[in-house]
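>>> Fold the following and give me the result.
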Amino acid sequence: MDADLAVRAVLKALVLPPAGSVWMVCVGLWAFRNGRRWGWLAIGAGLSTLLVLSMPIVADGLAMRAASALPYPDWDGRPQQAIVVLSGGIRVNANAASGADVRAVTLTRLAAGAALARRTGLPLLLSGGAVETGPPDAAVMASVLEHAFGLKAAFIEDRSRNTHENALESARILRGAGIDRVWLVSSDVHLPRAVAEFQRAGLSVQVVPAGGPIRLPQGVLAWLPQPWALEESHSVLYEWLGDLVMRLPSRY
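This is a model prediction of the structure:
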């Protein structure tokens, strides 16, 4: 991982939950020990955000709010020419033949892309480079696609390290093949930012949401903290942070 990615990873870990909440508690404890009454506020804020963001009803509500920001892309009536599946990350320390495997979110995206490919017969492009030491995400995705779904990817984009680069590198490969209209497969909370990046890269996009809630959960369990709910909240907050970065000038 290069210096730029390392800095971004550290900043993300410090700001987003759960580490962001823990840091608030630590600051509050330090302040309280030094006689500052506002330390209680920081401790309470850290603990309450960790608890609230772990509730399924809150996490699903945030995810639905994030997904609702997706504008319906313009369609000129011409059929799409390819399917692009974006990586949601891999596990490089995995009990697999290659030593790496896709994470659950990536597997969900692959399943959606494979189902669409079977229905349409369109070629698949898998997008994702190596963020850590190990194989590129797209290479691991291609292996899972072949062995679990019986399909082969037509294009492998293995240079990108984030959504911005996913779009640029995928557009470069697809334009070389005479393709400029694609189905874009990703998690529903990720699609608003991904669509904007791919459209800026010059591609016409139709979306295929992979996973995500369709309604708020009900009952007692909806209010009980769950590890997966904290992960979902983390993903939504990360997308909102990424959207702010995407709006910065001089990125293209």
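>>> Let me see the ranges of the helices in the stretch 51-200 of the chain.
Taking DSSP state H, counting those that start in this stretch as the criterion, the stretch 51-200 of the chain contains helices spanning 56-67, 104-120, 137-149, 163-176, 191-200.
>>> Determine the number of other residues adjacent to the closest residue to G113 other than its chain neighbours.
Sequence neighbours aside, V85 is the residue nearest to G113 in space, at 3.9 Å (criterion: C-beta to C-beta, 6 or more residues apart in numbering). For glycine as for every other residue, the C-beta is placed from the backbone atoms N, C-alpha and C. V85 has 30 neighbours, counted by other C-beta atoms under 10 Å.
>>> what do you get for the one 10 residues further on?
Applying the criterion other C-beta under 10 Å, we find 7 residues in the vicinity of N95.
>>> Show the contacting residues for it.
Residues in contact with N95 (C-beta atoms under 8 Å, 6 or more residues apart in numbering) are D101.
>>> Return the distance of it relative to D101.
In this view, N95 and D101 are 8 Å apart by C-beta to C-beta, to the nearest Å.
>>> got it, and G77?
With C-beta to C-beta as the criterion, G77 and D101 are 40 Å apart.
>>> Likewise for S235?
19 Å.
>>> higher neighbour count, those two?
A direct count of neighbours by other C-beta under 10 Å for S235 and D101 places S235 higher, at 21 against 18.
>>> what residue ranges in this protein score low on pLDDT?
Counting by pLDDT under 70, the chain contains low-confidence residues at 1-5, 71-76, 249-252.
>>> thinking G46 is in contact with M24, fair?
Yes: the pair G46 / M24 is scored as a contact, 3.2 Å apart, by C-beta atoms under 8 Å.
>>> Show me the strands in the stretch 1-150 of the chain, by range?
82-86, 90-91, 101-102, 124-127 (DSSP state E, counting those that start in this stretch).
>>> Identify the residues contacting the third one?
Residues from elsewhere that reach strand 101-102 (C-beta under 8 Å, 6+ apart): 87-91, 94-95, 110, 137, 140-141, 144.
>>> do the longest one as well
Contacts of strand 82-86 from elsewhere in the structure, counted by C-beta under 8 Å, 6+ apart, are 109-110, 112-113, 116-117, 120, 122-128, 141, 154-155, 163, 166, 170, 174, 177, 179, 181-186, 190, 194, 198, 208.
>>> now swap in the last one and tell me
Residues outside strand 124-127 that contact it (C-beta under 8 Å, 6+ apart): 82-87, 113-114, 117, 138, 141-142, 145, 151-157, 160, 166, 169-170, 173-174, 182.
>>> Show me just the buried residues among those.
Buried members of these, counted by 16 or more other C-beta atoms under 10 Å: 82-87, 113-114, 117, 138, 141-142, 145, 151, 153-157, 160, 166, 169-170, 173-174, 182.
>>> What distance do you get for the spatially closest residue to R91 that is not a sequence neighbour to L145?
Leaving out its chain neighbours, the residue that sits closest to R91 by C-beta to C-beta, 6+ apart is D101, at 5.3 Å. Distance, D101 to L145, by C-beta to C-beta: 13 Å.
>>> re the thing from before, highest mean neighbour count out of the helices of the stretch 51-200 of the chain?
helix 191-200 (a mean of 22; mean count of other C-beta atoms under 10 Å).
>>> Give me the helices and strands touching it, please.
Here helix 191-200 touches helix 56-67, helix 163-176, strand 181-186, strand 204-209, helix 227-246, going by 3 or more C-beta pairs under 8 Å, 6 or more residues apart in numbering; DSSP states H and E.
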